[in-house]
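[1] Sequence first, then the predicted structure:
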Amino acid sequence: MKSEHKATLSFSDGSPSVEFPIYQGTVGPDVIDIRKLYGQTGKFTFDPGFMSTAACESKITYIDGDKGELLYRGYPIEQLAENCDFLETCYLLLNGELPNEAERLDFEHRVTHHTMVHEQMTRFYAGFRRDAHPMAILVGVVGALSAFYHDSTDINNPDHRFVSAIRLIAKMPTLMSMAYKYSCGEPFMYPRNELSYAANVMHMLFATPCEDYKPNPILVKALDRILILHADHEQNASTSTVRLAGSSGANPFACIAAGIATLWGPAHGGANEACLLMLNEIQEHGGIEKIGAYIDKVKDPDSPVRLMGFGHRVYKNYDPRAKLMRETCHEVLNELGLKDDPLFALAMKLEQIALEDDYFVKRKLYPNVDFYSGIVQRAMGIPVDMFTCVFALARTVGWIAQWNEMIGDKDQKIGRPRQLFTGALRRDLVPIAQR
Ligand code: CMC
């Protein structure tokens with residue numbers, strides 16, 4: 001990285017000022033390189049929540065939160081959602097370029113032929129309680145992949161890294177569908193190689209051995225779009241977790257399991273589940289008539305209630321993924337004859353009220369992708385507690401692409417933040433009888 005400009009940091013306590021290089025990306029805010037700050041001044045920076053900190057250099061995904069723009073490897077999310085399928089998007093995220101026809105077929109073939117999981121894994125599932133949350137199972141089984149596929153865990157071997165990436169993308173649908181089947185007591189369904197990636201997910205979730213199941217093409221397209229829209233989102237909490245875990249040299253399966261655990265939180269991937277539960281709650285307590293009372297609760301500074309599916313750390317404009325998901329929502333509800341679905345009507349009304357309300361306008365709180373993805377998934381028959389698993393399935397490719405980029409970065413170091421310590425000073429222990 002070349003630096004044309006410098007930033008000067010001066011101190012009011014008489015310490016000499018210091019200069020730091022400023023780097024320019026291809027687009028987006030410049031960064032001040034403060035890596036030598038501690039060495040030169042004995043001081044750390046303080047930035048909980050990484051509000052102003054770029055933790056890595058990346059070439060994968062770019063978000064312009066003010067414009068409401070999302071680019072994967074330079075391509076706008078709208079163009080990818082209209083013209084590509086999920087596996088082409090995976091190829092792009094992993095390799096930096098869209099595949100030609102031969103590359104697409106080769107990639108599809110590789111992913112398709114890694115979809116089965118070791119048969120012994122079925123016994124691993126049996127160790128979970130039947131009513132376990134599927135995300136709890138997913139964290140466990142993805143972490144356990146490193147025990148089943150130890151032959152691809154050497155992170156310094158590019159072939160191992162490639163096979164692990166293919167294995168993770170290929171096996172996630174199988175693993176998350178098994179989590180669902182286990183929870184409802186139905187037999188696990190093996191993947192079918194003649195189906196597309198998204199159709200296979202639907203087959204493994206909804207088919208049973210008793211009768212034929214033909215995935216509805218409109219719903220397959222909708223699921224494929226959900227996967228594309230969630231495939232990567234630069235340095236969010238789960239991706240940063242994957243990078244941090246990976247920075248210690250941990251194997252990719254363990255790192256992705258850490259990402260899944262982080263994604264589960266309601267402020268992140270758990271928001272689609274939380275959003276649908278919120279819509280259900282409003283519906284049960286009077287529906288559209290009661291939106292006003294709910295909004296009042298959300299705006300009350302003494303209440304912890306938030307409007308789920310609204311707001312984003314980076315987007316201070318309409319989330320471009322939400323626009324596409326809204327479109328898909330209409331398509332799916334039309335196809336299933338659910339145009340007058342009361343929950344959808346409630347969501348539309350809530351969106352309209354929030355977009356006009358001064359509280360939300362002032363804070364630039366717009367609907368995010370999860371506001372609509374829950375409604376689409378519910379209409380498709382995906383149970384609410386599986387929503388975050390679908391998100392994890394989609395985000396796996398982003399996590400691997402970012403992990404791979406980090407491993408290949410020669411400046412990569414183990415992640416080790418520092419702290420502002422405000423606890424007790426050194427003191428001597430008092431024996432228990434005198435405390
Ligand atoms: N409802 C009501 N008020 C909100 C909301 C919300 N959903 N989000 C933010 N605010 C308010 C917040 O109270 C604060 O107000 P004030 O300045 O008066 O204290 C202001 O807006 C700024 O909030 P913040 O917590 O500093 O913003 P953040 O950037 O740290 O939080 C967020 C981002 C996504 C965690 C938050 O907007 C939120 O909790 N949203 C609901 C959960 C959600 O939908 N998450 C999914 C994110 S998209 C999926 C993904 O990419 O993971």
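    Ah, there it is.

[2] The residue in the stretch 301-435 of the chain that the ligand sits nearest to: what's its closest spatial neighbour, skipping adjacent residues?
    Residue nearest to the ligand within the stretch 301-435 of the chain (C-beta to the nearest ligand atom): residue 311, separated by 2.4 Å. C-beta coordinates here come from the backbone N, C-alpha and C atoms, glycine included. In this structure, residue 311 finds its nearest non-sequential neighbour in residue 365, 4.3 Å apart by C-beta to C-beta, 6 or more residues apart in numbering.

[3] Would you confirm that that neighbour contacts residue 308?
    No: the pair residue 365 and residue 308 does not pass the contact test of C-beta atoms under 8 Å, sitting 11.5 Å apart.

[4] measure residue 169 to residue 324 for me?
    Counting by C-beta to C-beta, to the nearest Å, the separation of residue 169 from residue 324 is 22 Å.

[5] Hmm, I typed the wrong one, I wanted residue 93.
    From residue 93 over to residue 324 (counting by C-beta to C-beta), the distance is 17 Å.

[6] what helices or strands is the helix or strand harbouring residue 88 leaning on?
    With elements delineated by DSSP states H and E, residue 88 resides in helix 86-95, which encompasses its position. For helix 86-95, the helices and strands in contact under the criterion 3 or more C-beta pairs under 8 Å, 6 or more residues apart in numbering; DSSP states H and E are strand 69-72, helix 101-112, helix 197-206, helix 217-229, helix 387-407.

[7] Tell me which of the ones you listed sits most buried.
    Between the helices and strands packed on helix 86-95, helix 387-407 has the highest mean count of neighbours, a mean of 25, where neighbours are mean count of other C-beta atoms under 10 Å.

[8] quick one: it to helix 217-229, angle?
    Between the axis of helix 387-407 and that of helix 217-229 there is an angle of 40 degrees, by axes from the mean of the first three to the mean of the last three C-alpha atoms, to 10 degrees.

[9] How far off centre is helix 387-407?
    Using C-alpha atoms, centre = their mean, to the nearest Å, the mean C-alpha position of helix 387-407 is found 7 Å from that of the whole chain.

[10] same question, stretch 145-165
    If you compare the mean C-alpha spot of stretch 145-165 with that of the full chain, they lie 22 Å apart, counting by C-alpha atoms, centre = their mean.

[11] Keeping just the C-alphas, turn it into PDB.
    Output for stretch 145-165, consisting of C-alpha atoms alone and laid out as PDB, is shown next (Å, rounded to 0.1, in the frame of the first residue of the first chain):
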ATOM      1  CA  LEU A 145     -16.500 -31.500  10.600                       C
ATOM      2  CA  SER A 146     -12.900 -30.900  11.500                       C
ATOM      3  CA  ALA A 147     -13.000 -34.300  13.300                       C
ATOM      4  CA  PHE A 148     -14.500 -36.000  10.300                       C
ATOM      5  CA  TYR A 149     -12.500 -34.400   7.500                       C
ATOM      6  CA  HIS A 150      -9.100 -34.000   9.100                       C
ATOM      7  CA  ASP A 151      -7.400 -34.600   5.700                       C
ATOM      8  CA  SER A 152      -8.200 -31.000   4.700                       C
ATOM      9  CA  THR A 153      -7.300 -29.000   7.700                       C
ATOM     10  CA  ASP A 154      -3.700 -27.900   6.900                       C
ATOM     11  CA  ILE A 155      -4.300 -24.200   6.400                       C
ATOM     12  CA  ASN A 156      -1.000 -23.700   4.700                       C
ATOM     13  CA  ASN A 157      -1.800 -26.200   1.900                       C
ATOM     14  CA  PRO A 158      -3.800 -24.500  -0.900                       C
ATOM     15  CA  ASP A 159      -5.300 -27.900  -1.900                       C
ATOM     16  CA  HIS A 160      -6.600 -28.400   1.600                       C
ATOM     17  CA  ARG A 161      -8.000 -24.900   1.700                       C
ATOM     18  CA  PHE A 162      -9.800 -25.500  -1.700                       C
ATOM     19  CA  VAL A 163     -11.300 -28.800  -0.600                       C
ATOM     20  CA  SER A 164     -12.400 -27.400   2.700                       C
ATOM     21  CA  ALA A 165     -14.100 -24.600   0.900                       C
END
